[in-house]
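Undergrad: have a look at this fold, sequence not included:
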């Protein structure tokens, strides 16, 4: 199996332990994110491997709240990484269902050879659906009954192709719902053909596709037109992929439509984001385009297009790239979703779109589900947990919006309750990948999926755009019989001074977990704690700074204790904690306050009100300072040059101030720079410590940490 985690990974400081998708050892932080499109659509889950990202906007979601604005999302777009370059991602163990009859997934395909059909469903998947319906098995049959009752899945359906699709401002009348309805119909008719066996439904589906291929030439209006292209482009490509196996049908016109009319919109958006700031668009916008790029690549046998979609998912500058869509991984393993501070209609949309992208890639031998230690799963569990009624942690989400050259900072400081608990079809994809295909645990996603089971599709969730964001019927198409539980994976260690917070991806069916520790890499391991089922986190406290600790976790199921997870090695340190003090407020009242310099997230930043702004800690009884760590705000590293770390016995630093260290050069972005304190006053205990920016610096620091010997130190944060 492709592994994203080294078995003997040493984590040196508090951030390194949570960053699995980048080279460990540099303490690199996770990427920042932005918001995304309308409410509606479904979220899906997938298996071990690369994780997906969010996308899509729209109107009313299935049981969800109406979208904010036509198509949703901020206007403009950021200059993102362009499409291009091949992805070097391999398929993890369990593979994609690459060949007909490959139960449980076959090995990955060879470069250049696509599996057909191979977008959302393979030949083996279609055979499974047909067999389950023939046997009257539930919940497959319940979803099938919804399909055959849907008005879009009928032989009498009349398509309404348009010469141009217009969305947003500049339209006399928006007409994108004609495309939404017809794409849904083509997909539903294709499913009826494969499961019911009547070729009349295939012929009807092809008629719809050919009608659009013979007429549509452009997308017009504003940026929302591009969003609609992303949402419905993959719908058309997925439907066409299911209908390609008929020697009497020439799909060349449909391929030309997708290559000439749809794909240029995707490629341009992912490259330029309409010349807006990188984080201007919400994650679902990127994700919709990524899904369409991947689907078009498969249907048209264009490896270059497919690889470009995979590459963007891993490395893109926009909010749909995996490290941006799952904005921050908390010490308890919760993966904060990029749109969680916006509203839940859009937050639940993102995982559905990411699941589409991940499933298409999986079926072609590329594992996006498992990237970054199952980062996609961490994000979907976060979204699902909140939407089934649980509280979730939240770090401030900082983003920039507007056009390149005039970006404006925005900060979201709380998870948004708007639309909480709304139903969104499509999550069966991701849930069944992780749980029933991979044998991992996804308890909150399971609870959320149950709200929509058995799923319907376009036409079952209202007439507005949100009801068509997802193709739906994923209970029928992606519900799987379970495999044996897998060992826990993705073990992470988040260092909090002299304690280590562990989190992991659990095993399906686990009744408890055994946490084990060793002072020697590779063991032997001694039992440390038993963690009850439903929890996948443990905090090991009272550790010795500088001592390396190796951890593993084993799941206990009905069959007994299973094998250990891969190990993670953590070295507790002397980080100091205290009450945050410093310059009040934030520049422009954006919310980028001093607290953000100490929230353990490299993704946000402190942007002060004064030319010389500062952020520091009240250490209580005080401590001698032996080291500091710091990272600049992205794009503002030069504003730290000349900044100082200081200690004092007075809270306002008006007297008795000692310079401990001066930043001599611009520090690298996205990682913590660590420096020892060797100043003459380093041996003196200080109650108050701070980082103070140089003149015209305005703070502009992403994170600051102090290390030392405490005289009295508050307990690390939970």
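TA: Looks like it arrived, so ask away. Keep in mind that what you see is a predicted model, and the values were worked out from it rather than measured.
Undergrad: show me the longest strand that occurs in the chain.
TA: strand 614-632 (DSSP state E).
Undergrad: tell me which helix or strand comes right after that strand.
TA: Going down the chain from strand 614-632, the next helix or strand is strand 644-648, by DSSP states H and E.
Undergrad: if we can go back for a sec, buried ones in the longest strand of the chain?
TA: Of all the residues in strand 614-632, those buried under the rule 16 or more other C-beta atoms under 10 Å are 614-617, 619-620, 622-632. C-beta coordinates here come from the backbone N, C-alpha and C atoms, glycine included.
Undergrad: same deal with stretch 438-451?
TA: Applying 16+ other C-beta under 10 Å to stretch 438-451 flags 438-449, 451 as buried.
Undergrad: domains in the chain, by residue range?
TA: 1-30+486-573, 33-478, 579-712 (automatic domain parsing).
Undergrad: point out the most buried one among the ones you listed.
TA: domain 33-478 (a mean of 24; mean count of other C-beta atoms under 10 Å).
Undergrad: helix, strand, or coil at residue 674?
TA: strand (DSSP: H, G, I helix; E, B strand; the rest coil).
Undergrad: ok so, going back, ok, the longest strand of the chain: who's next to it in the sheet?
TA: Take DSSP bridges as the rule and strand 614-632 pairs in its sheet with strand 579-582 (antiparallel), strand 673-676 (antiparallel), strand 686-692 (antiparallel), strand 699-712 (antiparallel).
Undergrad: mean pLDDT added to the domains of the chain, as CSV?
TA: What follows is the domains of the chain, written out as CSV (pLDDT from 0 to 100):
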stretch, mean pLDDT
domain 1-30+486-573, 79
domain 33-478, 85
domain 579-712, 95
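Undergrad: can you put the strands paired with strand 614-632 in JSON lines and add distance to residue 276?
TA: Putting these into JSON lines (distance: least, C-beta to C-beta, whole Å) gives the following:
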{"stretch": "strand 579-582", "distance to residue 276": "32"}
{"stretch": "strand 673-676", "distance to residue 276": "30"}
{"stretch": "strand 686-692", "distance to residue 276": "31"}
{"stretch": "strand 699-712", "distance to residue 276": "22"}
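Undergrad: name the nearest residue to residue 506, sequence neighbours excluded.
TA: residue 441 (3.4 Å; C-beta to C-beta, 6 or more residues apart in numbering).
Undergrad: I'd like to know how far the one you found sits from residue 533.
TA: Distance, residue 441 to residue 533, by C-beta to C-beta, to the nearest Å: 9 Å.
Undergrad: and if you look at residue 645?
TA: Residue 645 is 45 Å from residue 533, by C-beta to C-beta.
Undergrad: helix, strand, or coil at residue 602?
TA: coil.
Undergrad: so it makes contact with residue 705?
TA: No - between residue 602 and residue 705 there is no contact under C-beta atoms under 8 Å: 11.0 Å.
Undergrad: now for those two: what residues contact both?
TA: Counting by C-beta atoms under 8 Å, 6 or more residues apart in numbering, the residues touching both residue 602 and residue 705 are residue 672.
Undergrad: ends of stretch 324-341, what's the gap?
TA: Stretch 324-341 has an end-to-end distance of 14 Å (criterion: C-alpha to C-alpha, to the nearest Å).
Undergrad: I meant stretch 610-617, not that one.
TA: One end of stretch 610-617 to the other measures 18 Å (C-alpha to C-alpha).
Undergrad: please render the buried residues of stretch 438-451 as CSV that adds secondary structure to the earlier fields.
TA: Shown next, in CSV, are the buried residues of stretch 438-451 (three-state DSSP):
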residue, secondary structure
438, coil
439, coil
440, strand
441, coil
442, coil
443, helix
444, helix
445, helix
446, helix
447, helix
448, helix
449, helix
451, helix
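Undergrad: now distance to residue 528 too, for the residues you listed, in a markdown table please.
TA: Converted to a markdown table, the buried residues of stretch 438-451 look like this (distance: C-beta to C-beta, whole Å):
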| residue | distance to residue 528 |
| --- | --- |
| 438 | 26 |
| 439 | 24 |
| 440 | 22 |
| 441 | 20 |
| 442 | 25 |
| 443 | 23 |
| 444 | 25 |
| 445 | 28 |
| 446 | 28 |
| 447 | 29 |
| 448 | 32 |
| 449 | 33 |
| 451 | 37 |
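Undergrad: farthest pair in the residues you listed?
TA: Greatest spacing in the buried residues of stretch 438-451, by C-beta to C-beta: 439 and 451 (23.4 Å).
Undergrad: strand 644-648 and the longest strand of the chain, what's the angle between them?
TA: 150 degrees (axes from the mean of the first three to the mean of the last three C-alpha atoms, to 10 degrees).
Undergrad: centre of the chain to strand 614-632, how far?
TA: Relative to its chain's centre, strand 614-632 lies at 32 Å (C-alpha atoms, centre = their mean, to the nearest Å).
Undergrad: over to stretch 269-281?
TA: For stretch 269-281 - counting by C-alpha atoms, centre = their mean - the centre lies 18 Å from the chain centre.
Undergrad: residue 476 contacts residue 143, doesn't it?
TA: Yes - using C-beta under 8 Å, residue 476 makes contact with residue 143 at a distance of 3.7 Å.
Undergrad: any residues in contact with both of those two?
TA: 454-455.
Undergrad: joint contacts of residue 441 and residue 533?
TA: With C-beta under 8 Å, 6+ apart as the test, residue 441 and residue 533 both reach residue 510.
Undergrad: please, where are all the strands along the stretch 151-300 of the chain?
TA: 164-167, 218-221 (DSSP state E, counting those that start in this stretch).
Undergrad: quick check: residue 246 touching residue 194?
TA: No - judged on C-beta under 8 Å, residue 246 makes no contact with residue 194 at a distance of 12.0 Å.
Undergrad: tell me the one of the buried residues of stretch 438-451 nearest residue 592?
TA: Looking across the buried residues of stretch 438-451 and measuring by C-beta to C-beta, the closest to residue 592 is residue 444, at 30.4 Å.
Undergrad: ignoring the adjacent residues along the chain, who's closest to residue 624?
TA: residue 709 is the one closest to residue 624 (C-beta to C-beta, 6+ apart), at 4.7 Å.
Undergrad: list the residues that contact that neighbour.
TA: Going by C-beta under 8 Å, 6+ apart, residue 709 touches 574, 623-624, 626.
Undergrad: residues in contact with residue 188?
TA: By C-beta under 8 Å, 6+ apart, the neighbours of residue 188 are 147, 150, 152-153, 457-458, 473.
Undergrad: among these, which ones are in helices?
TA: Among the contacts of residue 188, DSSP state H puts residue 147 in helices.
Undergrad: make TSV out of the contacts of residue 188 and add distance to residue 509.
TA: Output for these, formatted as TSV (distance: C-beta to C-beta, whole Å):
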residue	distance to residue 509
147	30
150	34
152	38
153	36
457	30
458	34
473	27
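Undergrad: wait, is residue 530 part of a strand?
TA: Yes - counting by three-state DSSP, residue 530 falls inside a strand.
Undergrad: wait, it sits on residue 516?
TA: No - using C-beta under 8 Å, residue 530 makes no contact with residue 516, being 10.6 Å away.
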